[in-house]
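A.B. asks: heads up, no residue letters with this:
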């Protein structure tokens, strides 16, 4: 399941999503709430002109990693 969010304002301009938004998108993608996460870290990165967050989380000893586009909120 891919989860993204619309970050356009009423004037049609876009802003980059924040770390909390990226973390929430990753948690929604995992289908869990924050209480189930034993560890998470959000790191902003840029690669080939694309800005994204790497969200790493651990649930019940299993590690997950997501790349979340900072402009669209799309899971990459």
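C.D. replies: Nice, I can see it. Computed from a prediction, not measured in an experiment: that's the story for all the values here.

A.B. asks: what's in contact with stretch 55-70?
C.D. replies: Applying Cβ atoms under 8 Å, 6 or more residues apart in numbering, the external contacts of stretch 55-70 come out as 4, 16-17, 22-23, 25-27, 29-30, 32, 36-44, 50-54, 74-76. Using the backbone N, CA and C atoms, a C-beta is placed for each residue, glycine as well.

A.B. asks: now do 7 Å
C.D. replies: Here stretch 55-70 makes contact (Cβ atoms under 7 Å, 6 or more residues apart in numbering) with 16-17, 22-23, 25-26, 29-30, 32, 36-42, 51-54, 75-76.

A.B. asks: kindly report the same for stretch 28-42.
C.D. replies: By Cβ under 7 Å, 6+ apart, stretch 28-42 touches 1, 3, 19, 22-23, 27, 53, 55-59, 64, 66, 75.

A.B. asks: hmm, try it at 10 Å
C.D. replies: If you take Cβ atoms under 10 Å, 6 or more residues apart in numbering as the criterion, stretch 28-42 is touched by 1-5, 18-24, 26-27, 53-66, 68, 75.
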